[in-house]
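# coordinates only, no sequence provided:
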C-alpha cells in the first residue's frame, strides 16, 4: 500500500531539485550580466571627485538654461584676458544653475570669451559699456551669488554695499587683484562678501555652486 506514495516522492524530489538549480543558474546569470559592473581587477567603481573629472584643456561644456534653476553671475572686464574666467573654465555648466557672464566692453562676443565659456554664449553673456550699468543689471537678475573681478565692484563707485544692503544679490565673491582699504569696509558682511585670491576662486565656486 505504501508503494504509490514512495513513487510520488521519488518524482517530486528530483523536480524540486531541478527547479532550485535552474533558479540559482538564472540568478547567477542575471548578476553577472548587470550593466556597469566592472570586471577589471583593482578598479575603483566610485566616481572621481569633481576636480579630477575636469580637464582645463578639454572643450567647455555648453551652458544650458533651466527655467527653475538658481542664478549665478560672473563679472569680468572684456578689454583684457580675464584671470577669473580662465580660473573657472570648464566649471560653468552646473546642473540646476543658470550661469551668466557680464562683460565690460563693446557689443559682440570676442573669441577669448567664447573659448572659455563654450557654446550658446549669446544667450548667457550680457555686455555693459559703462560701469554705472552694472548694478542695475545685477539688480534685475537677482542672482544668489556674484563672482566679480575686484576692479569692477570696489574702489570709488564700488557697488558691493548697494547690492548687499538692498538684498539685491545673495552674496558676492571678489577675486582679489591688488587689494586695498575697501576690504576693511566689506568685512561687516561676513560670508556674504568673500574676498579671495585667484588660487581660492575654484574652492569658493565649488562651495557655493553645487
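Alright, I've got the coordinates. In this text the structure is predicted, and so the values were computed from the model without any measurement.
# okay, now the unreliable bits of this protein?
In the predicted model, the chain carries pLDDT under 70 at residues 1-56, 107-110, 118-122.
# what about the strands in it?
When secondary structure is read from DSSP state E, the chain shows strands at 70-77, 97-104, 125-128, 145-149, 172-175, 193-196.
# now the angle from the fourth one to strand 97-104?
Relative orientation of strand 145-149 with respect to strand 97-104: 30 degrees, computed using axes from the mean of the first three to the mean of the last three Cα atoms, to 10 degrees.
# need the residues that contact strand 145-149.
Around strand 145-149, the neighbours that count as contacts under Cβ atoms under 8 Å, 6 or more residues apart in numbering are 72-77, 82-84, 88, 138, 153, 163, 169-175, 177, 201, 204-205, 208-209. Backbone N, C-alpha and C define where each C-beta goes, glycine included.
# try 6 Å
Applying Cβ atoms under 6 Å, 6 or more residues apart in numbering, the external contacts of strand 145-149 come out as 72-77, 84, 169-175, 208.
# how many neighbours does residue 116 have?
21 (other Cβ atoms under 10 Å).
# ugh, wrong one, I meant residue 136
Quick note: residue 136 (other Cβ under 10 Å) scores 12 neighbours.
# same deal with the one 3 residues further on?
Look at residue 139: counted by other Cβ under 10 Å, it has 15 neighbours.
# helices along the protein, start to end?
3-32, 50-53, 83-87, 111-117, 121-124, 134-141, 150-153, 160-165, 182-186, 198-208 (DSSP state H).
# that older thread, which two among the contacts of strand 145-149 are spaced furthest apart?
Pairwise distances among these were taken by Cβ to Cβ; the largest, 23.0 Å, belongs to 77 and 170.
# which residues touch residue 168?
Residue 168 is in contact with residue 139, counting by Cβ under 6 Å, 6+ apart.
# ok, now how distant is it from residue 161?
11 Å (Cβ to Cβ, to the nearest Å).
# again with residue 88
When Cβ to Cβ is applied, the distance between residue 88 and residue 161 equals 25 Å.
# I'd say residue 135 and residue 159 touch.
Yes. The pair residue 135 and residue 159 passes the contact test of Cβ atoms under 6 Å, sitting 4.5 Å apart.
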